[in-house]
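A.B. asks: Prediction below, plus the sequence it came from.
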Amino acid sequence: MNSVFHPSDSRGHANHGWLNTYHSFSFASWHNPERMHFGALRVLNDDAVGRNAGFGTHPHENMEIVSIPLSGSLEHRDSMGNATVIREGDIQIMSAGNGIMHSEKNHSSAEEVHFLQIWVFPNERNLSPSYGQITTSREKQMNKLQCVVSPDGREGVQIHQRAWICMGHLSSGWRDNYAMHDEGQGLYVMVLDGEAVVGGQTLLRRDAIGIWDTQNVQIESRQNAHILAIEVPMQW
């Protein structure tokens with residue numbers, strides 16, 4: 001088993017006033033040659049956007065973009081005609097394919113929106129753009145890792161990659177093994193809140209670990225933990 005530990009305070013950070021953002025991997029003006037990606041996982045941004053602020057219309061291509069609100073409400077519009085507002089419990093994916101335009105803004109004039117944005121390299125280029133969204137709940141994630149993104153879409157929203165994203169609200173003392181879906185896969189785990197031990201490494205709030213060259217990863221919750229687990233191919 002190989003692993004890489006990313007403590008919370010090792011992430012890139014920028015505060016633009018309207019946007020307070022942390023980057024697990026090189027993004028925008030923050031560049032770390034040792035933090036370019038983890039396998040097919042290219043971006044994991046932890047964003048807080050102020051009232052009525054947001055990202056204006058901009059292009060993407062050949063990227064699978066997953067947005068997961070943690071609090072507040074995020075307004076999304078794109079060139080496919082989608083106009084939605086997503087909130088805590090919603091999981092949104094936009095497959096940029098051969099090119100798409102979209103915007104994201106805080107839907108509220110009263111509170112900031114806090115969300116995770118995840119980019120995964122697709123396993124096929126220049127697909128037709130597509131959009132997917134599901135709604136889940138804390139109850140469905142109590143003491144289990146619920147799959148919210150999968151390659152065939154039978155669990156969660158569909159992604160064009162051999163990638164699975166799971167989330168769980170785990171009580172103190174919960175323990176289980178995460179089984180990789182295939183050889184050559186890696187698992188990137190972030191503790192969103194609380195404390196957990198993953199692959200023998202203690203993780204506190206917003207700490208993360210990437211693990212590969214193993215078929216199973218043991219996860220143990222301590223002090224209750226909100227967990228994000230992203231399985232991706234290490235080569236694609």
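C.D. replies: Good, I have the coordinates. Residues are numbered from 1 along each chain as shown.
A.B. asks: Would you give the sheet partners of the host helix or strand of residue 189, along with the direction of each?
C.D. replies: Assessed by DSSP states H and E, residue 189 sits inside strand 185-198. With DSSP bridges as the test, strand 185-198 is paired with strand 201-203 (antiparallel), strand 208-212 (antiparallel), strand 216-233 (antiparallel).
A.B. asks: May I see the buried residues of the last one?
C.D. replies: What that stands for is strand 216-233. 217, 219-222, 225-233 (16 or more other C-beta atoms under 10 Å). For the C-beta atoms, the positions are set from N, CA and C on the backbone; glycine is no exception.
A.B. asks: residues in contact with residue 88?
C.D. replies: Counting by C-beta atoms under 8 Å, 6 or more residues apart in numbering, residue 88 makes contact with 69, 70, 71, 72.
A.B. asks: how long is stretch 109-116 end to end?
C.D. replies: Terminal residues of stretch 109-116 lie 20 Å apart, using C-alpha to C-alpha, to the nearest Å.
A.B. asks: Now do it: distance to the chain's middle.
C.D. replies: 17 Å (C-alpha atoms, centre = their mean, to the nearest Å).
A.B. asks: what does it contact?
C.D. replies: Outside of stretch 109-116, the residues within contact range by C-beta under 8 Å, 6+ apart are 44-52, 66-74, 106-107, 228.
A.B. asks: Quick one, which of the strands paired with strand 185-198 gets closest to residue 165.
C.D. replies: With distances scored as C-beta to C-beta, the stretch of these nearest to residue 165 is strand 216-233 (5.2 Å).
A.B. asks: Please save the CA atoms from the closest one in CSV.
C.D. replies: Provided in CSV are the C-alpha atoms of strand 216-233 (Å, rounded to 0.1, in the frame of the first residue of the first chain):
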residue,chain,number,x,y,z
ASN,A,216,-9.0,-2.5,0.7
VAL,A,217,-8.7,0.6,2.9
GLN,A,218,-9.8,0.5,6.5
ILE,A,219,-11.8,3.6,7.7
GLU,A,220,-12.6,4.1,11.4
SER,A,221,-14.6,7.1,12.7
ARG,A,222,-13.7,8.9,15.8
GLN,A,223,-15.7,11.8,17.5
ASN,A,224,-18.3,11.4,14.7
ALA,A,225,-17.1,12.1,11.2
HIS,A,226,-18.4,13.5,7.9
ILE,A,227,-16.4,11.7,5.2
LEU,A,228,-15.8,12.2,1.5
ALA,A,229,-14.2,9.3,-0.4
ILE,A,230,-13.3,9.5,-4.1
GLU,A,231,-12.1,6.4,-5.9
VAL,A,232,-10.4,7.0,-9.2
PRO,A,233,-8.1,5.1,-11.6
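A.B. asks: Could you dump the contacts of residue 88 into a markdown table and include secondary structure and neighbour count?
C.D. replies: Shown next, in a markdown table, are the contacts of residue 88 (DSSP: H, G, I helix; E, B strand; the rest coil; neighbours: other C-beta atoms under 10 Å):
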| residue | secondary structure | neighbour count |
| --- | --- | --- |
| 69 | strand | 21 |
| 70 | strand | 18 |
| 71 | strand | 12 |
| 72 | coil | 20 |
